[in-house]
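Student: Sequence first, then the predicted structure, then my questions.
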Amino acid sequence: MSWSLRFAEPIVLADGAKLATLRQAIAHLVQTVPPAERHMPAVLTAAEMLTAAAEHRGPVEFARIATLQALNRHAERVFNPDRKEPHWGRRKLKRDTA
C-alpha cells in the first residue's frame, strides 16, 4: 500500500491546515469523525476510496472528492434568491424591432 500518494491539489481545512497525502486524509477523518457518525455513507465512501487509491485500485482524485464530501457532510446547501438574473430571454430579435 502506498499511503504517501499526494493529492493533485491539497485539501485546505477551516483552520488553515492542509491535507496533502492519503495518510493525512485518513488520519484526519479518524480523528475528527465521532464514532457514532462513522457509519454514515459519506464517511464510509471516503474511507473506501482512500483505501482503494492507496492500493492502486482507484484514482486519487476520487479519494479527494470523497474526503471533501465526508468533511462537509453536515453542510447545508442554501438557495440564494439574490443571484444575478440570467441573460437569456431578454435579447431583442431583429424581427421584434420592426
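Tutor: Nice, I can see it.
Student: helices or strands next to the helix or strand harbouring M49 in the packing?
Tutor: Assigned by DSSP states H and E, M49 belongs to helix 41-54. Contacts defined by 3 or more Cβ pairs under 8 Å, 6 or more residues apart in numbering; DSSP states H and E place helix 41-54 against helix 22-32, helix 60-71. Where C-beta positions appear, they are placed from N, C-alpha and C, glycine not excepted.
Student: Nearest to A46, out of those helices?
Tutor: helix 60-71 (3.7 Å; Cβ to Cβ).
Student: Could you check the angle that closest one makes with helix 22-32?
Tutor: Between the axis of helix 60-71 and that of helix 22-32 there is an angle of 10 degrees, by axes from the mean of the first three to the mean of the last three Cα atoms, to 10 degrees.
Student: who touches helix 60-71?
Tutor: 5-9, 11, 13, 19, 22, 25, 28-29, 32-33, 40, 42-43, 45-46, 48-50, 52-53 (Cβ atoms under 8 Å, 6 or more residues apart in numbering).
Student: Can you verify A8 is assigned to a strand?
Tutor: Yes: assessed with DSSP: H, G, I helix; E, B strand; the rest coil, A8 lies in a strand.
Student: neighbours of the residue lying closest to it once chain neighbours are set aside, just the number please.
Tutor: Distances taken as Cβ to Cβ, 6 or more residues apart in numbering put E61 closest to A8, at 6.3 Å, once the chain neighbours are dropped. Residues within reach of E61, counting by other Cβ atoms under 10 Å, total 13.
Student: now E61: how far from T67?
Tutor: Note on E61: its distance to T67, by Cβ to Cβ, to the nearest Å, is 11 Å.
Student: Now do stretch 2-13: distance to the chain's middle.
Tutor: Its chain's C-alpha centre and that of stretch 2-13 lie 13 Å apart, by Cα atoms, centre = their mean, to the nearest Å.
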